[in-house]
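Student: Return atomic coordinates for the entry below.
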Amino acid sequence: TALTSRYGGSVTANWQHALHQADGLAVDHVDALRALVQDAKQVHARAPFTLLRATLENAAAAVWLLAPNDRAERLLRRLRLQWADALDQVNVQNLRNMTALLTKDEWKAELRQAAVDAGLNPAQVIQVTAGKITYRSIVETAGEALAKLTGKDALLCWMISSGIAHAQSWAVLSVLKRVETPGASPDVVTVEFSAPEMELVLVSQVTMLMLIEAWRLFDQRRMA
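Tutor: Model prediction:
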C-alpha cells in the first residue's frame, strides 16, 4: 500500500504501531500521576487533571481504533487519524521553514490510495480526508463503546480536564476548590485553589475504565 513506502509496513502494521503509541503514552502519563501522588505525596490543583487528560485522550484513541467489529472501519479510522497527524506535520514544518515530507495534497493522495489498496469502498476513501478528526469526537465515540460508560460521561471528564489544563475560566472557577481570604484592601481578595476530591476521583475512574478497555480490546484484536 501507499503507507508501506512511508512507514515500512502495511496499513495494518501501521495501525498496530498507532495502538502501541497510544497505549504507551496513556500508561506513561498515568504512571506520572501515580508517582506524583503516591511517591511524592503531592496533589497539585491542576497538574493531575493535565496528566489525566493525556491518559484519557490516548486511551480513548486506542478504544476508538479498536472498538469497531468491522475491519474496514478500523482501517478507515487509522487512516483518518493519520490524516490529522499529516496536517499537523505540514503545519509544523512550515513554521520551521522546512521542506515538508509531503505537501497536504500529496498526503491526501497517498492516504486515499492506501485506502483503495486496503479495500475500502469509494465512500470510505473520500471520508479518509474529508475532515480532521478531533479528540472531542474520539473521546465521545470511545465512551459510547464502553459498557460501563456513555459518550456523555467520557466527554464530560475530558472537558473538565481540558478546561483546567487550558486555564479556562469556567473550569477553574466551577471545578477547582477555592478559599478566599481578604486582602490588604476591600477591593483585593486572595484566592487559594486546590484539587477537588470528587471531580478528581470521577475523572480518574473514567480514565482508568477507558485504559482498561483499551488493553482488553488490544488483547482481543491481537489474538483474533
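Student: So which residue is dead centre in the chain?
Tutor: residue 57 (2.4 Å; CA atoms, centre = their mean).
Student: Could I get the phi/psi values of it?
Tutor: Note on residue 57: backbone dihedrals following degrees, to the nearest 10 are phi -60, psi -50.
Student: shouldn't residue 118 be in contact with residue 77?
Tutor: No. Taking contacts as CB atoms under 8 Å, residue 118 lies outside contact range of residue 77: 12.0 Å. The way it works is simple: take the backbone N, C-alpha and C, and place the C-beta from them, glycine included.
Student: what about the nearest residue to the residue nearest to the centre of the chain once chain neighbours are set aside, neighbour count?
Tutor: Nearest residue to residue 57, sequence neighbours excluded (CB to CB, 6 or more residues apart in numbering): residue 135, at 5.1 Å. Neighbourhood size, residue 135 [other CB atoms under 10 Å]: 18.
Student: what's the neighbour count on residue 196?
Tutor: 18.
Student: Surely it touches residue 176?
Tutor: Yes. With contact defined as CB under 8 Å, residue 196 counts as touching residue 176 (6.2 Å).
Student: helices and strands around the lengthiest helix in the chain, which ones?
Tutor: Looking across the chain with DSSP state H, the single longest helix is helix 197-223. In terms of contacts (3 or more CB pairs under 8 Å, 6 or more residues apart in numbering; DSSP states H and E), helix 197-223 is packed against helix 11-34, helix 47-66, helix 151-165.
Student: In JSON lines, list those helices along with distance to residue 102.
Tutor: JSON lines is the format used below for the helices and strands packed on helix 197-223 (distance: least, CB to CB, whole Å):
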{"stretch": "helix 11-34", "distance to residue 102": "15"}
{"stretch": "helix 47-66", "distance to residue 102": "22"}
{"stretch": "helix 151-165", "distance to residue 102": "30"}
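Student: Turn the ones you listed into TSV, columns for distance to residue 96 and mean pLDDT.
Tutor: Output for the helices and strands packed on helix 197-223, formatted as TSV (distance: least, CB to CB, whole Å; pLDDT from 0 to 100):
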stretch	distance to residue 96	mean pLDDT
helix 11-34	22	82
helix 47-66	24	96
helix 151-165	25	97
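Student: Can you tell me which of those is most buried?
Tutor: Burial of these is given as mean neighbour count (mean count of other CB atoms under 10 Å); helix 47-66 ranks first at a mean of 25.
Student: Could I get the CA-only coordinates of it as PDB?
Tutor: Taking Å, rounded to 0.1, in the frame of the first residue of the first chain, the C-alpha atoms of helix 47-66 are listed here in PDB:
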ATOM      1  CA  ALA A  47      -1.400  19.000  37.200                       C
ATOM      2  CA  PRO A  48      -3.400  15.800  38.000                       C
ATOM      3  CA  PHE A  49      -6.100  16.900  35.500                       C
ATOM      4  CA  THR A  50      -3.500  17.600  32.800                       C
ATOM      5  CA  LEU A  51      -2.000  14.200  33.300                       C
ATOM      6  CA  LEU A  52      -5.400  12.500  33.300                       C
ATOM      7  CA  ARG A  53      -6.400  14.400  30.200                       C
ATOM      8  CA  ALA A  54      -3.400  13.000  28.300                       C
ATOM      9  CA  THR A  55      -4.200   9.500  29.600                       C
ATOM     10  CA  LEU A  56      -7.800   9.700  28.700                       C
ATOM     11  CA  GLU A  57      -7.100  11.100  25.200                       C
ATOM     12  CA  ASN A  58      -4.600   8.300  24.300                       C
ATOM     13  CA  ALA A  59      -6.700   5.500  25.900                       C
ATOM     14  CA  ALA A  60      -9.700   6.800  24.100                       C
ATOM     15  CA  ALA A  61      -7.800   6.900  20.800                       C
ATOM     16  CA  ALA A  62      -6.900   3.200  21.300                       C
ATOM     17  CA  VAL A  63     -10.500   2.300  22.000                       C
ATOM     18  CA  TRP A  64     -11.700   4.300  19.100                       C
ATOM     19  CA  LEU A  65      -9.300   2.500  16.800                       C
ATOM     20  CA  LEU A  66     -10.100  -1.000  18.200                       C
END
